[in-house]
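Asker: Following is a predicted model, sequence given first.
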Amino acid sequence: MTGKTAVLVYDTIHGRVLTRLEEKFELIRVRRGVPPSISPEDAERVKGAAIFGAFGADWIDLLPNLEIIAHFGVGYDGVDCAAATRRGIIVTNTPDVLNDEVADSAVALLLNTIHQIPRVERWLRSGDWAEKGSCPLSPMSMKGRTVGLYGLGRIGIEIARRLEPFKVKIAYHTRSKREGVDYAHYPTLLALAEAVDTLICIVPGTPETHKAINAEVLKALGPNGVFINVGRGTSVDEDALIEALNAKTLAAAGLDVFYDEPKVPQGLLDAENAVLWPHIASATVPTRDAMGDLVVDNIIRWFA
Ligand code: A2R
């Protein structure tokens, strides 16, 4: 016991969070991904929690004096906000500081997918270039595409602005039309999918967005269609996506997020026309440091 306020931290949280929290708080470190395990004395002392990933009612109910859950990441769908709200516990996230990084990654993933960059690099590294000659061409191009954004919030707008110099047409679907933008707004996701050939998902994981990208939406993108996901894997019916990729009713997909991370379905691993990233859209040292700083600042401000 130190007399300092006790903050619970997952063992997997970014190092910057630990270093900065240690200066002001007593840290009670716990393992993520196991059933909650903490002594009753420690549980009693915990007043704050710094979390990266899921934090359910099982944890929240164990901590009688918890006041704040500071989540590392903008999407806080892993935190049981209903359980927190019932107890009057505040939940914070890390918006804005990752907008540029995620938007840059979204454009990179789109280009990787359309130009089939992982495949062409394998062609060089495997010696095929020297042995077999020029790499087979990608059937897809950015030229003439219409890109639809499912979500046009803090990150979505940054993706849209980055796409303008590519001379593509841009449209979007959100529940409310966004003020101050000229992009075409579609009132439903299906109407958007029917109007575009490229769909980028950047909505939060909520009951409304759960498996919203289904067989019908994917089919509407057409055989030249490209689907990119930098939002949440839970927004996609992965079985339908695998089927569309195999049947080539969809040309390609670029995915940074998956339904049940870190598990990736074999059907996606086997799909030649999918580019797969391990949830890294915000994963650079400067951006993760900025997210870590915001987690710590939120906790410091709350207790001040
Ligand atoms: O629907 P609106 O007008 O609230 O627009 C928001 C849109 N959105 C939806 N669009 C259609 N159907 C829905 N059920 C729905 N729910 C939300 O997603 C808004 O345009 C966008 C969310 O924007 P922000 O709250 O500013 O989130 P941010 O920072 O752009 O991050 C988006 C997500 C995170 O929640 C993580 O899951 C992922 O990207 O990193």
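Answerer: Thanks, I have it. Only a predicted model underlies this, so the values are computations on that prediction, with no experimental measurement involved. Residues are numbered from 1 along each chain as shown.
Asker: Where do the helices of the stretch 151-300 of the chain begin and end?
Answerer: With DSSP state H, counting those that start in this stretch applied, the stretch 151-300 of the chain shows helices at 154-163, 189-195, 215-221, 238-247, 266-270, 285-303, listed in chain order.
Asker: Of all these, which one is nearest Gly73?
Answerer: With CB to CB, the closest approach to Gly73 among the helices of the stretch 151-300 of the chain belongs to helix 285-303: 7.0 Å. The way it works is simple: take the backbone N, C-alpha and C, and place the C-beta from them, glycine included.
Asker: Could you tell me which residues of the stretch 101-250 of the chain lie near the ligand?
Answerer: With the criterion set to CB under 6 Å from any ligand atom, the stretch 101-250 of the chain comes near the ligand through 151-156, 173-176, 202-206, 208-209, 231-232.
Asker: let's go with 5 Å and repeat that
Answerer: 151-155, 174-176, 203-204, 208-209, 231-232 (CB under 5 Å from any ligand atom).
Asker: To Ile51, which of the helices of the stretch 151-300 of the chain lies closest?
Answerer: Across the helices of the stretch 151-300 of the chain, closest to Ile51 is helix 285-303 (CB to CB), at 8.5 Å.
Asker: Residues in contact with that closest one: which ones?
Answerer: For helix 285-303, contacts defined as CB atoms under 8 Å, 6 or more residues apart in numbering pick out 5, 7, 13-17, 20-21, 24-25, 47-48, 50, 67-68, 70-73, 90, 92, 94, 97-98, 100-101, 282.
Asker: now, which of these lie within strands?
Answerer: The strands, defined by DSSP state E, take in 7, 47-48, 50, 68, 70-71, 90, 92 from these.
Asker: what's near enough to touch whichever residue of the stretch 101-250 of the chain sits closest to the ligand?
Answerer: Using CB to the nearest ligand atom, Gly153 is the residue of the stretch 101-250 of the chain that sits closest to the ligand, at 1.7 Å. Going by CB under 8 Å, 6+ apart, Gly153 touches 174, 202-203.
Asker: what about 10 Å?
Answerer: 74, 95, 99, 174, 178, 202-204, 231 (CB atoms under 10 Å, 6 or more residues apart in numbering).
Asker: That one and Gly53, how far apart?
Answerer: According to CB to CB, to the nearest Å, Gly153 stands 21 Å off from Gly53.
Asker: most centrally placed residue in this protein?
Answerer: The centre of the chain sits closest to Gly231, judged by CA atoms, centre = their mean, with a distance of 4.0 Å.
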